[in-house]
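Enquirer: Task: produce atomic coordinates for the following.
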Amino acid sequence: MRKRSHMMFTVVLTGLLAGCFGSSATIVGQGAGPTVQQAQAESYHGPKQRVAVSAFDYRAGQGSRDIGEGMSDMLVNALFNSNRFIVLERERLDTVIGEQDLAGSERFRQDTAAPKGQLEGAQLLIRGSVTEFEPDCRGGSALLVSGKQACITINLRIIDAATGRIVNATTVAGTSGNAGVGLIFAKGTLPIGLGAWSKTPMETAIRNCIETAVAHIVSSKL
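Expert: Numbers count the residues shown, from 1 in each chain. Next up is the predicted model:
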């Protein structure tokens, strides 16, 4: 009997540990969508929505707006890598417009100039805000009160550009609890604003957060 009780306790303890560290990023307030691997593997032949991402607001207690801009840059790249959307440049759109204006001058061959009037409008606008950025936060399990990890939380809103209506809103919380997550969508080095956190637990939390955000946007099927 004692041996059976010990085995039951071990199973419960293992389950609690897995609950604390088995998921590195979660959707808060609603059911999570498919995993990143499932979303990427899904056969997709339908129309792609045109999306534009604005720079994230930064509303956490520590850090700077550079973190928000870095997060939005990563989301743009990750949405593109998901192969589910037509991603439009907005933060550096002035560079595109400047090139068109410059190429339209007499100094350029007109057969090589980018034509004006071809820029595409977005169907969906994605806005975000960073509400938590903690490089050293405490884990959620009472059994692991000394365990600390990096934590980041973002709020996301998807807006219909035609009507201005919010069509989806969610909160994504990412942690460094599991460094083994297959970082698929959020590829490449960390952008300016986040480079100081490279090769730290915060980098894992950031990438987990971005990947979960993309999986959620994909699963929304807007």
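
Enquirer: separation between residue 134 and residue 175?
Expert: Using C-beta to C-beta, to the nearest Å, we find residue 134 at a distance of 9 Å from residue 175. For the C-beta atoms, the positions are set from N, CA and C on the backbone; glycine is no exception.

Enquirer: Comparing these two, which residue is more hemmed in?
Expert: Neighbours per residue, other C-beta atoms under 10 Å: of residue 134 and residue 175, the larger number sits with residue 175, 26 against 19.

Enquirer: was I right about that one contacting residue 207?
Expert: No: judged on C-beta atoms under 8 Å, residue 175 makes no contact with residue 207 at a distance of 11.2 Å.

Enquirer: Now do the shared contacts for residue 134 and residue 175.
Expert: Here residue 134 and residue 175 have 150-152 as joint contacts, going by C-beta atoms under 8 Å, 6 or more residues apart in numbering.

Enquirer: Among those residues, which lie within helices?
Expert: Residues of the shared contacts of residue 134 and residue 175 located in helices (DSSP state H): none.

Enquirer: ok, longest strand in the protein?
Expert: Longest strand in the chain by number of residues, with DSSP state E as the criterion: strand 124-138.

Enquirer: which helices and strands does that one pack with?
Expert: Using 3 or more C-beta pairs under 8 Å, 6 or more residues apart in numbering; DSSP states H and E as the contact definition, the elements that strand 124-138 packs against are strand 49-53, strand 57-58, helix 65-82, strand 148-160, strand 166-175, helix 201-220.

Enquirer: Dump the C-alpha coordinates for it into CSV.
Expert: Included here for strand 124-138 are C-alpha records, laid out as CSV according to Å, rounded to 0.1, in the frame of the first residue of the first chain:
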residue,chain,number,x,y,z
LEU,A,124,-6.0,43.3,-41.5
LEU,A,125,-4.0,45.5,-39.1
ILE,A,126,-2.2,43.9,-36.2
ARG,A,127,-1.5,46.1,-33.2
GLY,A,128,0.3,44.9,-30.0
SER,A,129,1.6,46.1,-26.7
VAL,A,130,4.2,44.6,-24.3
THR,A,131,2.6,44.5,-20.8
GLU,A,132,5.2,42.4,-19.0
PHE,A,133,9.0,42.1,-19.5
GLU,A,134,10.6,40.3,-16.6
PRO,A,135,14.1,38.7,-17.2
ASP,A,136,13.9,37.1,-13.7
CYS,A,137,10.3,36.1,-12.8
ARG,A,138,9.2,33.4,-10.4
